[in-house]
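Engineer: starting from these lines, generate the structure:
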Amino acid sequence: MTSSSTGTAALVEVASEQWDPLLERIGCRDAYLLRGYVESACLLERGRPLLLHLSDDGGDVVFALILREINGAPGRLDAITPYGYGGPVAVGPEPRVERFYELYEGWCRSAGVVSTFIRFHPLFANQRQASASVHVERLADTIGWSLDPELDLFAGLHPKHRNKVRKARAAGLEVVVSE
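Structural biologist: Numbering: from 1, shown residues only. Next up is the predicted model:
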């Protein structure tokens, strides 16, 4: 376990067996943060899964990453979030997000991380809490769809998409919902 700290708060690399229990304990079991999801993303990205954690009286900040070696640059790494939604996620009444970013920069220097690519989480809007040193760029919109059983989802589809659904049904596609 490695940590980066100055003062009382420390940024800690969470051990693999403590990863999901920590997320459960702080009430942040988002699918994109779970160890299994990040590990599966590592199969594509060829890297090492990592969860960083900052905890103090104001709350917690967790950050799921994939660390990758940079070809031709021994000892240098880059860090990326798994495909999907990620970024530092803050939980609690007054989590110290600014402090997290300060400690993260120090952790990167000591770990040999020279760049970080973050896909922020649109439901948490955590890009709004990013440090001034983080260049945030909006690439696309995220669409949400209410799954209220009272609503007719099919009626809300674009006509082109309704036709695709009809063709899939005619071809014998069957969707089963299990609970």
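Engineer: if I pick residue 67, what's in contact with it?
Structural biologist: When contacts are counted by C-beta atoms under 8 Å, 6 or more residues apart in numbering, residue 67 touches 47-48, 50, 77-79, 111, 113. C-betas here are computed from N, CA, C, even on glycine.
Engineer: residue 23: which of those residues is nearest?
Structural biologist: Closest approach to residue 23 among these (C-beta to C-beta): residue 50, at 13.8 Å.
Engineer: can I assume the closest one sits in a helix?
Structural biologist: No - looking at residue 50 with DSSP: H, G, I helix; E, B strand; the rest coil, it is strand, so not inside a helix.
Engineer: name the nearest residue to residue 59, sequence neighbours excluded.
Structural biologist: residue 92 (1.9 Å; C-beta to C-beta, 6 or more residues apart in numbering).
Engineer: that neighbour: neighbour count?
Structural biologist: Using other C-beta atoms under 10 Å, residue 92 is surrounded by 16 other residues.
Engineer: ranges for the strands of the chain?
Structural biologist: Remark: strands assigned in the chain by DSSP state E are 3-5, 10-13, 48-56, 59-69, 77-80, 89-91, 113-117.
Engineer: with only the CA atoms kept, save the fourth one in CSV.
Structural biologist: What follows is the C-alpha trace of strand 59-69 in CSV, where atoms were taken according to Å, rounded to 0.1, in the frame of the first residue of the first chain:
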residue,chain,number,x,y,z
GLY,A,59,-15.9,12.7,3.6
ASP,A,60,-14.2,10.5,1.1
VAL,A,61,-12.9,10.8,-2.5
VAL,A,62,-12.2,7.6,-4.5
PHE,A,63,-10.6,7.4,-8.0
ALA,A,64,-10.6,4.2,-10.0
LEU,A,65,-7.7,4.1,-12.6
ILE,A,66,-5.8,2.0,-15.0
LEU,A,67,-2.0,2.5,-14.9
ARG,A,68,-0.2,1.7,-18.1
GLU,A,69,3.5,1.6,-19.0
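Engineer: partners of it in the sheet?
Structural biologist: Sheet pairing of strand 59-69 (DSSP bridges) gives strand 48-56 (antiparallel), strand 77-80 (antiparallel), strand 89-91 (antiparallel).
Engineer: among those strands, show the one with the smallest mean pLDDT.
Structural biologist: Lowest mean pLDDT of the strands paired with strand 59-69: strand 89-91, a mean of 91.
Engineer: mind naming the longest helix for this protein?
Structural biologist: In the chain, with assignment by DSSP state H, the single longest helix is helix 97-111.
Engineer: rewinding a little: tell me which of the strands of the chain sits most buried.
Structural biologist: Of all the strands of the chain, strand 59-69 has the most neighbours on average by mean count of other C-beta atoms under 10 Å, namely a mean of 22.
Engineer: tilt between it and strand 113-117?
Structural biologist: Between the axis of strand 59-69 and that of strand 113-117 there is an angle of 110 degrees, by axes from the mean of the first three to the mean of the last three C-alpha atoms, to 10 degrees.
Engineer: fine, thanks again, bye for now.
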